[in-house]
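J.: starting from these lines, generate the structure:
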Amino acid sequence: MKEKTINMMFGLLGTTDVFFIIFVMFCFILLLNYYGYALIPVFHDEIYFLQPAQNLAEGKGMGTPALDELLPGISQRTYWQPPVYFLTLAMWGKLVGFDIMLARWMSRLFGVGVLLLLYLLALKWGVHPRLALICMIWTALDLSFQYNSNIARMDAFNAFLTITCLLIFTSYQQNRKSWQAFVSGLFGALATLTHFIAIPPIFILFLALIWRKNQRDLSWFLLPITFGWAMWLIYAAQDWSSFWTQLHSQFVRKGEIGFVGKLIQLLFPQSVLPFFGVFSVNSPPIWFSLLLTSILGWKRKFLPLSGWQFAFIFSIYCSAALGGELWYVGWFTPFGYLLLSLWLQQAFQGNRWRFILVGLCLLWIGYQSIKIGQALSSVRSLKTNIDRFNTELASLLPPNSQILIYGLPDPVLNLLQLRPDLRIIILSPTPMQQEAFKRILQSSDFFVGISEWGQRRGLPLSTPKQEWSFSTPLGSWSVGLFPLKEANSDY
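T.: Predicted structure coming up:
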């Protein structure tokens, strides 16, 4: 009776699920391709990942020379992030080339993979196929998820690995096959070695196996994780001092807001507030309210989730919220919509509620479509402004100048192609070595970036030689070309 009711509710979507799934994924790719470089990152860290991947592919080690020892040893070895994304991006670059837009295509494909796996996971967790399709559509229409799937960062890749691990682990819980525990552990190892944010949810799966007291399957699960981390530590042993200092700098930056700030982050404020006061990418649902309600619903046996499933969702929320970065919103988004789908399936089981459920689904799709329409309305003008910025910046810089960059759009690759005479240094978002920073500052000719960001990093900025403005319905900002020689003399 329950299945028949839900079929009636969502019968308007058609009967061929495969067709709709392919259609959603195809439209998702087309949309991201149309955005191109106009749905730009809120931070310019793509070069931090592309450069070590390219150096690795060319046999030059996994260093990031553009940071010029602002972090200890980083010109030779990159330790501030786990290595799997660098390795994967190096293989991808070997096949298609090393370019920001080509690197973004890898994220787009993994974003499509997340959508497909989310649909399969929703089915595994008992969501009806029509509602699972709605869950997939919500995720595809979410600007935060689109943003993650359109930048050369590891977030879409990590979401793909994490949701694959969860899907296989769900099958293991149903079938108790040891090989499923091993494969789940393999993807768990890859996820945790792509980004630390995946460690808490993978740890929950480890605890679930301990609770089952199945030593054999626990060993199979831990085998690839232990091997993967051992290999990374062997690489780290080449320069322990740089390894610990780079990682310490990362965690120092995360802890700069203090204990009270971390408590506030549990509310997931980065999902509804402008990022850095510059512009806002999206305002997704207030996930904290959903999670809080879900805690009560799960304790009252209303949500059809076992303990390990709810603990996984809870840990993924806490990991993303405490991470404190805007891109973690898109990383959590598929799991948030999965939780919302479970709520809707339980809350609207009777025939009399079917129109309310369909109305709520269409209402949220309508809201998401408005946000996407706002983003699309500025694509052409933003691309024009970015092209003008890149062209004018390359022509304005004197020969053989040393340039500091800390802003967006990111002009680094364009300058490397058009102006190979320039020496380009990218400022680090993490606490930098002060001696190296002062040396670089004194020898630099110009700073390119947003003035507020430069001042936050301690740069003595004067009146910009040239300024470029960028505006979208989602926010506005300006990028300046600031002379540093005169400012340094008064500093």
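J.: now the residue most central in space within the chain. Nearest residue, chain neighbours left out?
T.: The chain has D155 as the residue nearest its centroid, 3.1 Å off, counting by CA atoms, centre = their mean. With CB to CB, 6 or more residues apart in numbering as the criterion, D155 has its nearest non-adjacent residue at 4.4 Å, and that residue is N148. Where C-beta positions appear, they are placed from N, C-alpha and C, glycine not excepted.
J.: just give me the neighbour total for the one you found.
T.: 28 (other CB atoms under 10 Å).
J.: what about it, distance to K213?
T.: 38 Å (CB to CB, to the nearest Å).
J.: hmm, P464 and F482 touching each other?
T.: Yes: the pair F482 / P464 is scored as a contact, 5.1 Å apart, by CB atoms under 8 Å.
J.: can you pull the residues that touch both of these two?
T.: S451 (CB atoms under 8 Å, 6 or more residues apart in numbering).
J.: those two: which is more packed in?
T.: Counted by other CB under 10 Å, F482 and P464 do not tie: F482 has more neighbours, with 22 against 17.
J.: biggest strand in this protein, by residue count?
T.: strand 475-483 (DSSP state E).
J.: the strands in the stretch 1-150 of the chain, which residues?
T.: Using DSSP state E, counting those that start in this stretch, the stretch 1-150 of the chain contains no strands.
J.: poorly predicted segments of it, please.
T.: 1-15, 39-44 (pLDDT under 70).
J.: now the helices for it?
T.: Using DSSP state H, counting those that start in this stretch, the helices of the stretch 1-150 of the chain run over 2-9, 17-35, 46-57, 84-96, 100-124, 129-141, 143-148.
J.: most tightly packed of these?
T.: Of all these, helix 143-148 has the most neighbours on average by mean count of other CB atoms under 10 Å, namely a mean of 27.
J.: return the distance of it from the chain's centre.
T.: Offset of helix 143-148 from its chain centre (CA atoms, centre = their mean, to the nearest Å): 8 Å.
J.: by contact count, what packs against it?
T.: Using 3 or more CB pairs under 8 Å, 6 or more residues apart in numbering; DSSP states H and E, the elements in contact with helix 143-148 are helix 17-35, helix 100-124, helix 155-175, helix 327-347, helix 354-377.
J.: separation between I202 and L133?
T.: 28 Å.
J.: hmm, I typed the wrong one, I wanted L123.
T.: 10 Å.
J.: re the thing from before, quick one: residues contacting the residue nearest to the centre of the chain.
T.: 107, 148, 195, 327-328, 330-331.
J.: switch to 7 Å and redo it
T.: 148, 327, 330-331 (CB atoms under 7 Å, 6 or more residues apart in numbering).
J.: let me know the closest of those to G449.
T.: Nearest to G449 among those is W327, at 19.3 Å by CB to CB.
J.: for stretch 228-241, what is the average pLDDT?
T.: Here stretch 228-241 scores 93 as its mean pLDDT.
J.: scratch that, stretch 159-174 is what I was asking about
T.: The model assigns stretch 159-174 a mean pLDDT of 96.
J.: and it, C-alpha only, in CSV?
T.: In CSV, the C-alpha atoms belonging to stretch 159-174 read as follows (Å, rounded to 0.1, in the frame of the first residue of the first chain):
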residue,chain,number,x,y,z
ALA,A,159,32.6,13.1,-2.1
PHE,A,160,32.7,10.4,-4.9
LEU,A,161,35.1,8.2,-2.9
THR,A,162,33.2,8.7,0.4
ILE,A,163,29.8,7.9,-1.1
THR,A,164,31.3,4.9,-2.9
CYS,A,165,32.7,3.6,0.4
LEU,A,166,29.3,4.1,2.1
LEU,A,167,27.4,2.4,-0.7
ILE,A,168,29.6,-0.7,-0.6
PHE,A,169,29.6,-0.7,3.2
THR,A,170,25.8,-0.7,3.0
SER,A,171,25.9,-3.7,0.7
TYR,A,172,28.3,-5.4,3.2
GLN,A,173,25.8,-4.8,6.0
GLN,A,174,23.1,-6.6,4.0
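J.: what domains does the record give for this structure?
T.: Using automatic domain parsing, the domain parsing of the chain gives 2-35+79-375, 379-489.
J.: deepest-packed of those, please.
T.: domain 2-35+79-375 (a mean of 19).
J.: just how off-centre is that domain within its chain?
T.: 10 Å.
J.: contacts only, for L267.
T.: Counting by CB under 7 Å, 6+ apart, L267 has contacts F288.
J.: if you set the cut-off to 8 Å instead, what comes out?
T.: So L267 contacts 288, 321 (CB under 8 Å, 6+ apart).
J.: helix/strand/coil for it?
T.: coil (DSSP: H, G, I helix; E, B strand; the rest coil).
J.: quick one on the thing from earlier: give me the contacts around the longest strand of the chain.
T.: Under CB under 8 Å, 6+ apart, the answer for strand 475-483 is 274, 278-280, 389, 393, 396-397, 407-409, 445-451, 454, 459, 461-470.
J.: now, those that are in strands?
T.: 446-449, 466-470.
J.: can you tell me which of these lies nearest to Q81?
T.: Using CB to CB, the ones in strands among the contacts of strand 475-483 come closest to Q81 at G449, 22.0 Å.
J.: now that closest one, nearest residue through space, not along the chain?
T.: G407 (2.7 Å).
J.: again, but for V112
T.: Per CB to CB, 6+ apart, closest to V112 is M25, 4.9 Å.
J.: what's near enough to touch that neighbour?
T.: Per CB under 8 Å, 6+ apart, neighbours of M25: 112, 115-116, 140.
J.: JSON lines for the residues you listed, including distance to E46?
T.: Shown next, in JSON lines, are the contacts of M25 (distance: CB to CB, whole Å):
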{"residue": "V112", "distance to E46": "20"}
{"residue": "L115", "distance to E46": "22"}
{"residue": "L116", "distance to E46": "25"}
{"residue": "A140", "distance to E46": "22"}
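J.: biggest separation within the residues you listed, which pair?
T.: L116 and A140 (10.6 Å).
J.: measure P483 to P411 for me?
T.: 17 Å.
J.: swap in Q417?
T.: 10 Å.
J.: can you check G336 too?
T.: With CB to CB as the criterion, G336 and P411 are 35 Å apart.
J.: swap in D239?
T.: From D239 to P411 the distance is 31 Å (CB to CB).
J.: which one is W453 nearest to, not counting chain neighbours?
T.: Nearest non-adjacent residue to W453 (CB to CB, 6+ apart): Y406, at 5.4 Å.
J.: now do the same contact list for W138.
T.: Taking CB under 8 Å, 6+ apart as the test, what W138 contacts is 337, 340, 364-365, 368.
J.: give me that answer again for 7 Å
T.: Going by CB under 7 Å, 6+ apart, the list of residues near W138 reads 337, 364.
J.: repeat for N33
T.: Contacts of N33 (CB under 7 Å, 6+ apart): none.
J.: cool, and the one 3 residues further on?
T.: When contacts are counted by CB under 7 Å, 6+ apart, G36 touches K383.
J.: related to what we said a few turns ago, now the helices and strands packed on helix 143-148 as TSV including distance to S219?
T.: What follows is these, written out as TSV (distance: least, CB to CB, whole Å):
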stretch	distance to S219
helix 17-35	36
helix 100-124	24
helix 155-175	14
helix 327-347	28
helix 354-377	44
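J.: closest one to I426 among the ones you listed?
T.: That would be helix 100-124 among these, by CB to CB, at 13.5 Å.
J.: that closest one to helix 84-96, inter-axis angle?
T.: Interaxial angle of helix 100-124 relative to helix 84-96 (axes from the mean of the first three to the mean of the last three CA atoms, to 10 degrees): 120 degrees.
J.: ok, and what's touching helix 100-124?
T.: 21, 24-25, 28-29, 32, 37, 46, 50, 89, 92, 96, 129, 132-133, 135-136, 139-140, 148-153, 156-157, 159-160, 163-164, 166-167, 170, 334, 338, 341, 413.
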